[in-house]
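K.L.:
one predicted model, sequence on top.
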Amino acid sequence: MWPDAPFPHPLALAQAAQRNWQQAQAGTLDLLGYGVAGQPYDIAAEMPLLRLRHYRRRAAPQGPAVLMVPAPIKRPSIWDLTTKLSVVRVGLDRGMDVFLTEWCPPVEGGIPHGLEDYAAALLAAAGEVTARTGQAPVVLGHSLGGTLAALAAALEPAHFRALVLLAAPLSFGPGSSAFRDAVAAREDRTPEDGLLPGGLLAQSCALLAPGTFVWNRWLDGTLSLADPAALDLHLRITRWALDEVPLAGRLVHEMVEWLYREDRFTAGRLMLGERRVGPDTLRLPALAAVSAGDEIGPRAAVAPFFARMAPGSTEIIEHPAEIGVGLQHLAILAGRRAHREVWPRIAAWIAARA
């Protein structure tokens, strides 16, 4: 980037130092037994931006096919964190045919990828699931993964059977979430080209909303000291958070400008290529799991969008805050109460639409 400079650029040095520090932390936590083993799977397909995992079963699946969509900034292991706290295991135990997208970093210097490209990748993944199983999948997405899943479903509803949003924001009006307001208040603009390292994006989030991404995590760690199970969970999530994936600069730019600042999706004026998408084009049964303690995807970041969808097609489940999850944004995936109390309801909702 700076070929004539006699010394490495300070930003490059800082990023390298951060990567080394994260690798050291990850190695230590792995040695202490906080790495992720997970359920066995095969790679069903590889395509631009993602690999499609297909989880193995001892018996033929009796339930619906499901496509799980993590947020693209992290590795997907939090969906299969432990034997007891595993969304993948929830699906397998209930006879579902479980597929999961594993986002891949865009090619450095390649074609810029935006919201349309990530939505198209999910449509291709859904098509692969349908070809393998003979049925359109129920798609479950967490955080930005849920937002992208909703965009894909709004583009081509026939590719999916139903939509489950897990702490995934769709509405970005002022006051919809504390994080939205912090992002919208930024004065600078995200460049559209190149890649954004996951560590740099994480740092930006911490600077924008230190209460959410720094102080709340520290508080959670402190409260977990009195509960061995919560502490074990907190350390496993800490290990997961160290595995980051670069994002396309165009994706981040379009997210910030089109969604967080202009709320185009809820307004029904988001253009993906030549197609307009909004609540009226998302013609699917939709369920959202939200928490009042989540400062990224609370009820107010979903309800205005659902209110513009077809009457009777949506439902919202609220779940409580938990100790051990680091960020309440992650409670629906890894929280102990969420797995005891909320996931049976989500699984029953899916089964009723299969």
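P.N.:
Looks like it arrived, so ask away.

K.L.:
the host helix or strand of residue 346 - contacts with which helices or strands?
P.N.:
Here residue 346 sits within helix 343-352, counting by DSSP states H and E. Under the contact definition 3 or more C-beta pairs under 8 Å, 6 or more residues apart in numbering; DSSP states H and E, helix 343-352 sits against helix 87-93, strand 162-166, strand 286-290, strand 314-318. For the C-beta atoms, the positions are set from N, CA and C on the backbone; glycine is no exception.

K.L.:
how close does residue 289 sit to residue 79?
P.N.:
14 Å (C-beta to C-beta, to the nearest Å).

K.L.:
to clarify, my last question referred to residue 99.
P.N.:
Counting by C-beta to C-beta - residue 99 and residue 79 are separated by 11 Å.

K.L.:
residue 155 contacts residue 123, doesn't it?
P.N.:
Yes: between residue 155 and residue 123 there is a contact under C-beta atoms under 8 Å: 6.7 Å.

K.L.:
compare the two (neighbour count), which wins?
P.N.:
residue 155 (20 against 16; other C-beta atoms under 10 Å).

K.L.:
so what's the more buried one up against?
P.N.:
Shown in contact with residue 155 (C-beta atoms under 8 Å, 6 or more residues apart in numbering): 119, 123, 272, 275, 277, 281.

K.L.:
and if you look at residue 102?
P.N.:
Neighbouring residues of residue 102 by C-beta under 8 Å, 6+ apart: 50, 51, 52, 53, 70, 75, 76.

K.L.:
and with 6 Å instead?
P.N.:
51, 53, 76 (C-beta atoms under 6 Å, 6 or more residues apart in numbering).

K.L.:
how about the first one, secondary structure?
P.N.:
Looking back up the chat, that one is residue 51. strand (DSSP: H, G, I helix; E, B strand; the rest coil).

K.L.:
kindly report the same for the one 3 residues further on.
P.N.:
Assigned state for residue 54: strand (three-state reduction, three-state DSSP).

K.L.:
is residue 75 in contact with residue 243, as I believe?
P.N.:
Yes: Residue 75 is within contact range of residue 243, at 4.0 Å (criterion: C-beta atoms under 6 Å).

K.L.:
pLDDT weak spots in the stretch 251-354 of the chain?
P.N.:
Regions of the stretch 251-354 of the chain meeting the criterion pLDDT under 70 are absent.

K.L.:
strands of that one, start to end?
P.N.:
Here the stretch 251-354 of the chain has its strands, by DSSP state E, counting those that start in this stretch, at 270-272, 275-277, 286-290, 314-318.

K.L.:
can you pull out the helices in the stretch 1-150 of the chain?
P.N.:
Counting by DSSP state H, counting those that start in this stretch, the stretch 1-150 of the chain has helices at residues 10-31, 87-93, 115-133, 144-155.

K.L.:
can I get the second one in PDB? Just the C-alpha atoms.
P.N.:
Right, the one you point to is helix 87-93. Backbone C-alpha positions of helix 87-93 (Å, rounded to 0.1, in the frame of the first residue of the first chain) are rendered in PDB as follows:
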ATOM      1  CA  VAL A  87     -28.600 -24.300  18.000                       C
ATOM      2  CA  VAL A  88     -27.300 -26.800  15.500                       C
ATOM      3  CA  ARG A  89     -28.000 -29.600  18.100                       C
ATOM      4  CA  VAL A  90     -31.500 -28.200  18.700                       C
ATOM      5  CA  GLY A  91     -32.300 -28.700  15.000                       C
ATOM      6  CA  LEU A  92     -30.700 -32.200  14.800                       C
ATOM      7  CA  ASP A  93     -32.400 -33.400  18.000                       C
END
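
K.L.:
residues of it that come out buried?
P.N.:
Buried residues in helix 87-93, counted by 16 or more other C-beta atoms under 10 Å: 87, 88, 89, 90, 91, 92.

K.L.:
could you do stretch 212-232 as well?
P.N.:
For stretch 212-232, by 16+ other C-beta under 10 Å, it's 212, 213, 216, 217, 220, 221, 224, 230, 231, 232.

K.L.:
that stretch - what's its average pLDDT?
P.N.:
Per-residue pLDDT values across stretch 212-232 average out to 93.

K.L.:
now stretch 57-69
P.N.:
For stretch 57-69, the per-residue pLDDT averages 91.

K.L.:
equivalent analysis for stretch 132-144, please.
P.N.:
On average, stretch 132-144 scores 97.

K.L.:
list the buried residues for that stretch?
P.N.:
Neighbour counts over stretch 132-144 (16+ other C-beta under 10 Å) mark 132, 133, 136, 137, 138, 139, 140, 141, 142, 143, 144 as buried.

K.L.:
so can I have CSV of those showing distance to residue 323?
P.N.:
Below are the buried residues of stretch 132-144 laid out as CSV (distance: C-beta to C-beta, whole Å):
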residue, distance to residue 323
132, 40
133, 38
136, 38
137, 33
138, 30
139, 30
140, 24
141, 25
142, 20
143, 20
144, 25
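
K.L.:
next, name the residue at the spatial heart of this structure.
P.N.:
Centroid check for the chain by C-alpha atoms, centre = their mean gives residue 71 as the closest residue, at 2.4 Å.

K.L.:
go ahead and confirm that one touches residue 144.
P.N.:
Yes: counting by C-beta under 6 Å, residue 144 is a contact partner of residue 71 at 4.3 Å.
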